[in-house]
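Colleague: Below are the sequence and a predicted model for it; my questions follow.
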Amino acid sequence: MFQRILVANRGEIALRIFRACREMGIESVAVFSEADRGAAYLDLADQKICIGPPRVGDSYLKIDRLISAAEVSGAEAIHPGYGLLSENAHFAEVCRDCGFEFIGPSHEAMAMLGDKNTARSLAKKAGIPTVPGSDGIVENVDEALKIAREFEYPVLIKATAGGGGRGMRLAYSDDELKTVFVEAQQEAKACFGNGDCYIEKYIEEPRHVEVQLIADNYGNVCHLFERDCTMQRRHQKLIEESPSPHIGPETRKKMCAAAVKLVSSVGYANAGTIEFVVDKNENFYFIELNARIQVEHPVSEMLTGIDLIKAQLHVAANEKLPFTQKDIQARGHVIECRINAEDPNFNFAPSPGKITALNIPGGYGVRFDSHVHAGYSVSPYYDSMIGKLICWGADREECRRRMIRALSEFRVEGIKVSISRQLDILNHPVFINAQGFTSFIEKTWK
C-alpha cells in the first residue's frame with residue numbers, strides 16, 4: 001500500500017479522500033489555489049502546497065504544477081477525485097510516466113471509454129442497447145440536420161468529451177438545431193478543449209439510472225447496484241437515490257449485468273459508473289461511462305457498506321479487492337441531496353459569499369459530506385456544491401421522511417442554497433409515487 005498520496009482536487013472530495021487515507025494510515029498531500037488558501041479542510045491533510053491563482057485553468061488544471069507538487073512532497077500516487085482532471089487520459093498517462101500511480105483506470109481505458117462516441121461503439125459490440133443516433137462524430141450543421149430528420153425530432157446533441165450537462169443541447173426542429181448544434185460545439189470546446197459532438201434520438205420523459213462499478217487488476221469486477229439520478233435540472237443532478245424506484249428486479253439484474261459485461265470486455269480497473277437512460281417501459285440504453293469516482297458515490301456506500309475510496313486505493317496499489325460480488329448486499333434505501341450555493345427562486349443563480357451561520361442536521365441514518373463551516377467563503381470560481389446530505393432508511397418512505405426532517409433542520413445563513421426546492425420535490429406526489437422524469441423539475445417550477 002502507498003505511504004503518501006497527493007490529492008489533485010479541492011473541497012468536499014479532497015476532504016473525503018484525506019479521511020480515507022487517515023483511516024488507512026496513508027499520508028495525504030493537499031494542493032490549493034490562492035482562493036482556497038486558509039480553508040480549514042486543508043488542515044486534515046499531512047502536507048499542503050499552493051499551486052497557483054484562483055482560476056482552475058491557472059491552478060487545479062495545471063498538470064505541470066500538480067506533478068511538481070507530487071515530486072516535492074514525495075507522494076507515490078495521485079488521486080484526481082471527480083471533475084477537473086479526473087477523466088483526462090493525458091493527465092493519467094503523465095502521472096504514470098513520471099513515476100506516480102494514477103488512482104483510477106489506465107489512460108488507455110480512460111481514452112476508450114471517456115470518449116462517449118467510442119464508448120457507444122464498444123457498448124454496441126458488447127451487445128448492450130444504445131440510444132439510436134449518429135454512428136460517430138457529426139462534423140457540421142448540414143450533417144446534423146440530415147441525421148435529425150432520419151431519426152425524427154426531438155434529438156439530443158452531446159459532446160463526446162462532455163460531463164455535467166456541458167456541451168449538451170435538445171432540439172425539436174430544424175431551426176432550433178441550427179442554433180443549438182453550434183452552441184453545443186462551442187461550449188464543449190470551451191469546457192473540455194474538444195468541440196466534437198454526436199447526436200442521439202431523445203427519449204421522451206426518460207429516467208436516468210446508473211450502475212456503480214469497482215474492478216481490480218485480477219478480473220474481479222463488481223457492481224454496487226444502481227443509483228437513480230432522474231431528479232435533475234438542466235442535466236445537473238439535485239437528488240439521487242438507490243435502489244431506483246423506476247425499475248423492477250428483473251431490469252435491475254439485466255442492467256447491472258450489462259454494466260459488468262462492458263467494463264470486463266475492455267479490462268477496466270478501478271471505480272467507474274455506467275449511465276443508462278430508461279424509458280417508460282423499462283427499456284434501458286447505454287449513454288456513457290464515467291471513468292472516475294462520482295459525486296454521488298456515498299449513495300452506494302450507504303446502501304452496501306463498502307467504502308469506495310478505500311477500494312480505489314486497494315486497486316491502485318495492485319491489491320485484490322477484499323470482496324467479490326456475492327459479498328455485496330443492498331440494504332434499505334438511500335437518498336442524497338446536493339446542497340448547492342444557488343437561489344432556487346431566481347433560476348438557481350449562483351450565490352457565492354461568506355457562510356455566516358451553519359447548522360448541520362444529524363441523527364440516525366444521516367450523513368453530511370462537506371468541507372464548509374461557519375465563516376467559510378464560497379468562491380465564485382468553483383462549482384456551487386457545498387455539500388451532500390445523505391439519508392438511509394429501512395425503505396423508501398422512511399428514507400424520504402428522514403431526508404425531509406434533515407433538510408428542515410438544515411440552516412445556512414449568508415448565502416442562498418437549494419434546500420427549499422429539494423423539499424418541494426420530496427413532498428411532490430410525482431416524487432412520492434416514483435413518476436418522475438429528467439425534465440420534471442424544469443416543467444414543474446419555471
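Modeller: That came in fine, so what should we check first? Numbers count the residues shown, from 1 in each chain.
Colleague: contacts, neighbours, all on C-alpha from now
Modeller: Fine.
Colleague: need the contact list for the nearest residue to residue 435 once chain neighbours are set aside.
Modeller: Nearest residue to residue 435, sequence neighbours excluded (CA to CA, 6 or more residues apart in numbering): residue 246, at 7.7 Å. Neighbouring residues of residue 246 by CA atoms under 8 Å, 6 or more residues apart in numbering: 207, 228, 282, 434, 435.
Colleague: Can you read off the pLDDT for residue 51?
Modeller: Predicted confidence (pLDDT) at residue 51: the value is 98.
Colleague: so who does it touch?
Modeller: Applying CA under 8 Å, 6+ apart, the residues near residue 51 are 31, 32, 33, 59, 60, 65, 66, 69.
Colleague: From what I see, the fourth one and residue 31 are in contact.
Modeller: Spelled out, that is residue 59. No. Under the criterion of CA atoms under 8 Å, residue 59 is not in contact with residue 31, lying 9.1 Å apart.
Colleague: between these two, who's got more neighbours?
Modeller: residue 31 (26 against 20; other CA atoms under 10 Å).
Colleague: Regarding that one, which helix or strand does it belong to?
Modeller: If you go by DSSP states H and E, residue 31 is part of strand 27-33.
Colleague: got the contact list for that strand?
Modeller: Residues contacting strand 27-33 (CA under 8 Å, 6+ apart): 3-10, 14, 18, 21-22, 42, 45-55, 59-60, 66, 69, 73, 75.
Colleague: for stretch 436-446, same thing?
Modeller: Contacts of stretch 436-446 (CA under 8 Å, 6+ apart): 205-208, 230-235, 347, 425, 430.
Colleague: And the nearest residue to residue 258 once chain neighbours are set aside, how close does it get to residue 286?
Modeller: In space, and not counting its chain neighbours, residue 258 is closest to residue 128: 6.3 Å by CA to CA, 6+ apart. According to CA to CA, to the nearest Å, residue 128 stands 7 Å off from residue 286.
Colleague: Residue 270 too?
Modeller: 20 Å.
Colleague: neighbour-wise, which of the two wins?
Modeller: Using other CA under 10 Å as the criterion, residue 270 and residue 286 rank with residue 270 on top: 26 against 23.
Colleague: For the more buried one, list the residues it contacts.
Modeller: Applying CA under 8 Å, 6+ apart, the residues near residue 270 are 103, 104, 105, 214, 215, 216, 292, 311, 312, 315, 316.
Colleague: Can you give me the neighbour number for the closest residue to the fourth one other than its chain neighbours?
Modeller: Closest residue in space to residue 214, ignoring its immediate chain neighbours: residue 271 at 4.4 Å, by CA to CA, 6+ apart. Here the count is done by other CA under 10 Å, and residue 271 has 28 residues near it.
Colleague: List the pairing partners of the helix or strand hosting residue 271 within its sheet, with orientation.
Modeller: Element membership of residue 271, judged by DSSP H and E, is strand 270-278. Strand 270-278 sits in its sheet next to strand 207-215 (antiparallel), strand 284-290 (antiparallel), going by DSSP bridges.
Colleague: Residue 390: which of those is closest?
Modeller: strand 207-215 (16.7 Å; CA to CA).
Colleague: now the closest one, how far from the centre of its chain.
Modeller: Strand 207-215 sits 10 Å away from the centroid of its parent chain (CA atoms, centre = their mean, to the nearest Å).
Colleague: Need the residues that contact that strand.
Modeller: Under the criterion CA under 8 Å, 6+ apart, residues 221-230, 244, 246, 255-256, 259-260, 268-280, 297, 300, 308, 311-312, 315, 321, 436-438 lie in contact with strand 207-215.
Colleague: Residue 382: neighbouring residues, count only.
Modeller: Based on other CA under 10 Å, the number of other residues close to residue 382 is 14.
Colleague: Which parts of the stretch 251-400 of the chain are helices?
Modeller: With DSSP state H, counting those that start in this stretch, the ranges of helices along the stretch 251-400 of the chain come out as 297-304, 308-316, 396-409.
Colleague: And the protein, what are its domain boundaries?
Modeller: Per automatic domain parsing, the structural domains of the chain span 4-103, 132-201, 207-444.
Colleague: Tell me which of the contacts of stretch 436-446 fall in strands.
Modeller: Applying DSSP state E to the contacts of stretch 436-446, the entries found in strands are 207, 208, 230, 231, 232, 233.
Colleague: Averaged over its residues, which helix or strand of this structure has the lowest pLDDT?
Modeller: Confidence across the helices and strands of the chain bottoms out at helix 116-125, with a mean of 84, counting by mean pLDDT, DSSP states H and E.
Colleague: buried sites along that one?
Modeller: When burial is assessed from 16 or more other CA atoms under 10 Å, helix 116-125 yields the following buried residues: 116, 117, 118, 119, 120, 121, 122, 123.
Colleague: Tabulate those residues in JSON lines, adding columns for distance to residue 417.
Modeller: Converted to JSON lines, the buried residues of helix 116-125 look like this (distance: CA to CA, whole Å):
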{"residue": "116", "distance to residue 417": "32"}
{"residue": "117", "distance to residue 417": "36"}
{"residue": "118", "distance to residue 417": "38"}
{"residue": "119", "distance to residue 417": "36"}
{"residue": "120", "distance to residue 417": "36"}
{"residue": "121", "distance to residue 417": "40"}
{"residue": "122", "distance to residue 417": "40"}
{"residue": "123", "distance to residue 417": "38"}
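Colleague: quick one: which of those residues is nearest residue 366?
Modeller: Nearest to residue 366 among those is residue 116, at 35.1 Å by CA to CA.
Colleague: What residue, apart from its backbone neighbours, is nearest the closest one spatially?
Modeller: Once flanking residues are discounted, residue 116 sits nearest to residue 160: 4.7 Å by CA to CA, 6+ apart.
Colleague: what does residue 126 give?
Modeller: Per CA to CA, 6+ apart, closest to residue 126 is residue 262, 6.2 Å.
Colleague: Report pLDDT for that neighbour.
Modeller: pLDDT, residue 262: 93.
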